[in-house]
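Q: Pasting a predicted model and its sequence here:
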Amino acid sequence: MLRRIVIVGGGSAGWMTAGLIAAEHRAAGGLQVTLIESPDVPAIGVGEGTWPSMRDTLHRIGVSESDFFRECDASFKQGSRFNRWIDGGDNDYYFHPFVLPQGYGEVNLPAQWQARHPQIPFADLVSFQPHLCTQGRAPKQAQTPEYAAVANYGYHLDAGKFGLFLRKHCLEKLGVHYVPDHVVGINSHQNGDIASLQTQKHGALEGDLFIDCTGMQSLLLGQHYGIPLIPQQHVLYNDSALAVQIPYPADEHPIASQTSSTAQSAGWIWDIGLPTRRGIGHVYASGYISDDQAEAELRAYIVQTGGPQDIPQPRKLTFDPGYREKFWHRNCVAIGLSAGFIEPLEASALAIVEMSAAMLSDDLPATREAMDIVARRFNEAFTYRWERVIDFLKLHYVLSKRRDTPYWRDNTDPAQTPERLRELLTLWQHRAPSRSDFYRIEEVFPSASYQYILYGMGFRSNFSRASKPQEAGMADGYFQEAAGLTRKMLGALPDNRTLINHIKRHGLQKI
Ligand SMILES: Cc1cc2nc3c(=O)[nH]c(=O)nc-3n(C[C@H](O)[C@H](O)[C@H](O)COP(=O)(O)OP(=O)(O)OC[C@H]3O[C@@H](n4cnc5c(N)ncnc54)[C@H](O)[C@@H]3O)c2cc1C
């Protein structure tokens, strides 16, 4: 029987996985969850944008949303706003909101939008959420209970504080056994399974299942088992980032409702508003721009967006874009950066961690024999998901009309587009992305997201097949519904800072 789970790594991946498994299995009896975290290797300390799925994950782990807001310097995220991706101009923007378009799946909204309202940005016509973002509104009211939403939302958070928050909950409420120590060796059974991990001060720690959350070094899966990374830099070129935290000009400065992503000459800049500061970073491709030039673009952006001239020295991070050939091998499964990382566009990394931890917890094998079956399914599911992440991220680049630098010229070269994405783009020349393109039960990105990016980026389908006569009326009904909801919500929802201040003082009603 599987009794001892040993997790190595105390970054967001390690603590989320420990929390989920301990919350859902420990009470069932007998399962011990141990987490080893090196005092010498800090967690990566970035990863501040999440998806709405994080609400479900935090709820499953059993933390209070009000405490999460108080302790993680968290704010609401309702989607992303992309600036300068279409043609690089000053007025070039589009939204990828978290809510589905009104009437999604009922009627061909893109065809009706394109035929009758092409002057309005697609997302702004079919959804109320871009308007909430533009006005800096919160996605719920003070009386909405914890984790419930008026408008679908995820979070922006302080990654360092998030790890400490989860650790405290795991240790105080979930009985996770914590070993602050450095793993220096791996002891194997004769069949090749891991038997125990050798630590500096606590000797050998035995287990039945080992979860590798050691970050990019991938100590167990990558280094010990030699499972290679499938490189993706030929598709998605970014491999470096410069990250910095800057203060607001005043304490009560408005807090943005969305992650802003502003395209640059060889990458893009993220801008995330937390209650106490902005987190800003330039993600770029070192093959196309020097670190100094990248820093100059970052500094220029900060000044242009109202930040100070003097900023702390940005922190440099590098990564090899790619994902592992498999994620679960023998009695070892990698979750987090140890399994792969592409780039932070669309903030999919923590979402993949959540999906991995959830699948592991849902399908936790009872015996060693069952483990190989679960592992095979896990590997198949996550290979599919990583491939989808790559296609979806590349979609943001291939549709750009920018040709101003070699980075954009190469990114928009059809020869550099993955075959899977090329096929989809061929289909979408004559119809909109639909659920039939993404038919798995748990897709990473729903087809609505592809519509938001495709039509946001200026793609036009040739909807040659005549639409049903009643479609125009139905679509108008949904467009009006979106406009009506916009008016209603703008009248009823507080701004982000007002609601966050309320949560910090009074908390939200528990569910
Ligand atoms: C520039 C950048 C921006 C990002 N932005 C986003 C974003 O907006 N949204 C998002 O979802 N994701 C983002 N990510 C990804 C996100 O940061 C990670 O997915 C997330 O933080 C999980 O990291 P981790 O826990 O896997 O690894 P880490 O945080 O690196 O943790 C590794 C852990 O392993 C431990 N460890 C290492 N070696 C040993 C050893 N020998 N013995 C014991 N312990 C050991 C360390 O002590 C540490 O605790 C971003 C990543 C980068 C690089």
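A: Great, that's in hand.
Q: show me what contacts the nearest residue in space to R330 that is not next to it in sequence?
A: With sequence-adjacent residues excluded and distances taken as Cβ to Cβ, 6 or more residues apart in numbering, R330 is closest to D193, at 5.0 Å. Any C-beta I mention is one placed from the backbone N, CA and C, and that applies to glycine too. Taking Cβ atoms under 8 Å, 6 or more residues apart in numbering as the contact definition, D193 lies against R330, N331, R368.
Q: same thing with G88?
A: Contacts for G88 were tallied using Cβ under 8 Å, 6+ apart; they are A263, R402, D404, W408.
Q: buried ones in stretch 234-244?
A: Residues V235, L236, Y237, N238, D239, S240, A241, L242, A243, V244 are the ones in stretch 234-244 that count as buried (16 or more other Cβ atoms under 10 Å).
Q: pull the CA atoms of it into PDB?
A: Included here for stretch 234-244 are C-alpha records, laid out as PDB according to Å, rounded to 0.1, in the frame of the first residue of the first chain:
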ATOM      1  CA  HIS A 234      12.700  26.900 -31.800                       C
ATOM      2  CA  VAL A 235       9.000  27.700 -31.400                       C
ATOM      3  CA  LEU A 236       8.900  30.100 -28.500                       C
ATOM      4  CA  TYR A 237      12.100  32.100 -28.300                       C
ATOM      5  CA  ASN A 238      12.000  33.800 -24.900                       C
ATOM      6  CA  ASP A 239      14.500  32.500 -22.500                       C
ATOM      7  CA  SER A 240      15.300  35.400 -20.100                       C
ATOM      8  CA  ALA A 241      13.500  37.800 -17.800                       C
ATOM      9  CA  LEU A 242      14.300  40.900 -15.800                       C
ATOM     10  CA  ALA A 243      11.900  41.300 -12.800                       C
ATOM     11  CA  VAL A 244      11.500  44.300 -10.500                       C
END
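Q: Against T405, how distant is L236?
A: Separation of L236 from T405 (Cβ to Cβ, to the nearest Å) stands at 16 Å.
Q: Sorry, wrong one. I was asking about D67.
A: 45 Å.
Q: picking up where we left off before, scan the contacts of D193 and report the most crowded one.
A: N331 (24 neighbours; other Cβ atoms under 10 Å).
Q: Out of the contacts of G88, which comes closest to H430?
A: For the contacts of G88, the residue nearest H430 by Cβ to Cβ is R402; the value is 25.5 Å.
Q: what sits against the closest one?
A: Shown here is R402, whose contacts under the criterion Cβ under 8 Å, 6+ apart are W85, I86, D87, G88, A263, W408, T412.
Q: just A472 next, same as before
A: Residues in contact with A472, defined by Cβ under 8 Å, 6+ apart, are Q112, A115, R116.
Q: can I assume the first one is in contact with S467?
A: In this case it means Q112. Yes. Using Cβ atoms under 8 Å, Q112 makes contact with S467 at a distance of 7.2 Å.
Q: more crowded one of these two?
A: More neighbours surround Q112 than the other of Q112 and S467, with 23 against 15 (other Cβ under 10 Å).
Q: Okay, and which of the buried residues of stretch 234-244 map to strands?
A: Among the buried residues of stretch 234-244, the subset assigned to strands under DSSP state E consists of S240, A241, L242, A243, V244.
Q: any chance of those residues in JSON lines, plus pLDDT and distance to the ligand?
A: Formatted as JSON lines, the entries for those read as follows, by pLDDT from 0 to 100; distance: Cβ to the nearest ligand atom, whole Å:
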{"residue": "S240", "pLDDT": "98", "distance to the ligand": "8"}
{"residue": "A241", "pLDDT": "98", "distance to the ligand": "4"}
{"residue": "L242", "pLDDT": "98", "distance to the ligand": "9"}
{"residue": "A243", "pLDDT": "98", "distance to the ligand": "6"}
{"residue": "V244", "pLDDT": "98", "distance to the ligand": "11"}
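Q: Now whatever residue of the stretch 251-400 of the chain ends up closest to the ligand. Nearest residue, chain neighbours left out?
A: Closest residue of the stretch 251-400 of the chain to the ligand, Cβ to the nearest ligand atom: G336 (2.3 Å). Ranked by Cβ to Cβ, 6+ apart and with sequence neighbours excluded, the top spatial neighbour of G336 is A13, at 2.6 Å.
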